[in-house]
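Student: what shape does this take:
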Amino acid sequence: MEIPPKSPDESEKSPQSKELMTSNTASTLCISSRSESVWTSAPRSKWDIYHKPVIVVSVGAAVFLFGIVITSLSCIQIKNKNVYKMCGPAFLSLGLMILVCGLVWIPIIRKKQKQRQKSQFLQSLKSFFFNR
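Tutor: This is a model prediction of the structure:
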């Protein structure tokens, strides 16, 4: 005679099911730095805002200038001329691409800053009228 399996009651549930039942998922949601209030953050300096695009522009300009030097070496030097002819334009194009990316990034940050200031102003107006 086989004994039919018992149905688990509250005291015999597995630890996994207990854990699932008692977990508070609302409080364990991912809290990212983006969810922090932008209204309470301290004002940032210009360097804090623009340091990444400035670094990208600097690196792009350096690689572009290196490409100019390598390309000009292919015109002057006779030895290894094919290597200079291949590498020069590659560094030129790579440097120009990085330089343009950095230069385009700056107006995007300016636009975001203006939107943030407008949003901050509207938020303060909203809080002024609705918190009375």
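Student: and the strands in this protein?
Tutor: Listed in chain order, the chain contains no strands at all (DSSP state E).
Student: wait, Ala90 sits on Gly67?
Tutor: Yes: here Ala90 reaches Gly67: they are 7.3 Å apart, a contact under CB atoms under 8 Å. In this view, the C-beta of every residue, glycine as well, is placed from N, C-alpha and C.
Student: which one's more surrounded, those two?
Tutor: Legend: neighbour count by other CB atoms under 10 Å for Ala90 and Gly67, higher for Gly67 (20 against 13).
Student: so how far is Asn82 from the closest residue to Leu99 other than its chain neighbours?
Tutor: Counting by CB to CB, 6 or more residues apart in numbering, the nearest residue to Leu99 once its immediate chain neighbours are dropped is Gly60, at 3.2 Å. Using CB to CB, to the nearest Å, we find Gly60 at a distance of 26 Å from Asn82.
Student: which of these two has more residues huddled nearby?
Tutor: When Gly60 is set against Asn82 and neighbours are counted by other CB under 10 Å, the residue ahead is Gly60, at 20 against 8.
Student: quick one, what contacts the more buried one?
Tutor: For Gly60, the contacting residues are 95-102, taking CB atoms under 8 Å, 6 or more residues apart in numbering as the criterion.
Student: now do the helices in this protein.
Tutor: Along the chain, counting by DSSP state H, helices occupy 15-22, 46-76, 81-130.
Student: so of the ones you listed, which one's packed in deepest?
Tutor: Mean neighbour count (mean count of other CB atoms under 10 Å) peaks for helix 46-76 among these, with a mean of 15.
Student: show the pLDDT at Ile76.
Tutor: Turning to Ile76, the model gives it a pLDDT of 82.
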